[in-house]
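Undergrad: Whatever this is, show me its structure:
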Amino acid sequence: MELPLDAVETRVLGSLLEKDITTPDYYPLTLNALLAACNQKSNREPVMELDEATVRGALRSLEEKGLAGVARAEGRVARFEHRMGEALNLGRRETALLCTLLLRGPQTPGELRGRSERMHRLEDLDEVQLVLQKLMEHDPPLARLLPRMPGTKEARYVETLGGHEAEVQEALGNAASGAGAAVAEPREERLAALTAEVAEVRSELAALREEFKGFRRQFES
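TA: Residues are numbered from 1 along each chain as shown. Now for the predicted structure:
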């Protein structure tokens, strides 16, 4: 396969995968149905406004890459299908998570479990992690773990078919800045503690000096 896919190819492929699972009676899709699926307002991040020519161009490119193509023609109406089964040999669980990543970008395991349920129900987060691990170990790898964002508890995963270099670089930059802040914060806290400790010692020393002066005066009088 020739990778990575651009944003439109990613949306078209994800939409074909989704409709194959969720609306099998209407699959393969006509161009109009595929255009509507790509431009859906729900279950899409980001929402797109693609036109027919753009989707046609993405379909041609995906066909050259062996990932989609014409399924059959009914009169003058062509219908289109994905060819992920032939290209990648994925199971239902892996397809559901990969499709969700293609349509909605980087997500946490919890988000993936909830959003992929309409395609395949995963019992718990352990099963989600198991499927993600299979996607990451696939040849070629189909998912990767992004560096954890500062202040977040859960890491996010991203599919690798679409590249997502911008998201990866952003996550790496945020992780690096977060690590720097984590190092700087303890240093500032230690400095503040030392400053307070020095001030306390000076105060105690001044009190001892006054006591010594008073004690000395008793013997001098």
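Undergrad: where do the helices sit along this protein?
TA: Along the chain, the stretches classed as helices by DSSP state H are 7-22, 31-38, 52-64, 84-88, 92-104, 109-115, 125-137, 165-220.
Undergrad: what's the residue closest to the geometric middle of this protein?
TA: By C-alpha atoms, centre = their mean, the chain has its centre lying nearest to P106, at 1.9 Å.
Undergrad: State the distance from that one to L112.
TA: 10 Å (C-beta to C-beta, to the nearest Å). Any C-beta I mention is one placed from the backbone N, CA and C, and that applies to glycine too.
Undergrad: list residues touching both of the two?
TA: Y157 (C-beta atoms under 8 Å, 6 or more residues apart in numbering).
Undergrad: circling back: any idea how far the residue nearest to the centre of the chain lies from Y27?
TA: 27 Å.
Undergrad: returning to that earlier point: per-residue pLDDT, the residue nearest to the centre of the chain?
TA: Note for P106: predicted pLDDT of 96.
Undergrad: Pop the domain breakdown of this structure in here.
TA: Here the domain parsing of the chain from automatic domain parsing is 1-88, 90-189.
Undergrad: pLDDT score assigned to the closest residue to A7 other than its chain neighbours?
TA: Residue nearest to A7 in three dimensions, not counting chain neighbours: G162, with 7.0 Å by C-beta to C-beta, 6 or more residues apart in numbering. Turning to G162, the model gives it a pLDDT of 90.
Undergrad: Quick check: G162 touching V8?
TA: No. Checked against C-beta atoms under 8 Å, the pair G162 and V8 is beyond contact range at 10.2 Å.
Undergrad: the more surrounded of the two?
TA: G162 (21 against 18; other C-beta atoms under 10 Å).
Undergrad: dump the residue contacts of that one.
TA: 4-7, 9-10, 102.
Undergrad: again, only this time at 10 Å
TA: Listed by C-beta atoms under 10 Å, 6 or more residues apart in numbering, the contact set of G162 reads 3-7, 9-11, 13-14, 101-102, 105.
Undergrad: Let's see the PyMOL selection covering just the buried ones among those residues.
TA: Per 16 or more other C-beta atoms under 10 Å, the buried members of the contacts of G162 correspond to this PyMOL selection:
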select buried, resi 5+9+10+11+13+14+101+102+105
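Undergrad: would a markdown table of the contacts of G162 with distance to D124 be doable?
TA: Compiled in a markdown table, these are given as follows (distance: C-beta to C-beta, whole Å):
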| residue | distance to D124 |
| --- | --- |
| L3 | 31 |
| P4 | 31 |
| L5 | 31 |
| D6 | 35 |
| A7 | 32 |
| E9 | 33 |
| T10 | 28 |
| R11 | 30 |
| L13 | 28 |
| G14 | 25 |
| L101 | 19 |
| L102 | 23 |
| G105 | 23 |
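Undergrad: Out of the contacts of G162, which comes closest to V131?
TA: Checking the contacts of G162 against V131 by C-beta to C-beta gives L101 as the nearest, at 11.1 Å.
Undergrad: got a list of what that closest one touches?
TA: Going by C-beta under 10 Å, 6+ apart, the list of residues near L101 reads 10, 14, 107, 112, 115-116, 132, 135, 142-143, 156-162, 164.
Undergrad: for the protein, which spans come out with low pLDDT?
TA: 1, 164-189, 193, 196, 200-201, 203-204, 210-221 (pLDDT under 70).
Undergrad: ok, 80 please
TA: Along the chain, segments meeting pLDDT under 80 span 1-3, 72-75, 163-221.
Undergrad: on that earlier part again, can you add distance to A206 and give the domains of the chain back as a markdown table?
TA: Output for the domains of the chain, formatted as a markdown table (distance: least, C-beta to C-beta, whole Å):
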| stretch | distance to A206 |
| --- | --- |
| domain 1-88 | 64 |
| domain 90-189 | 26 |
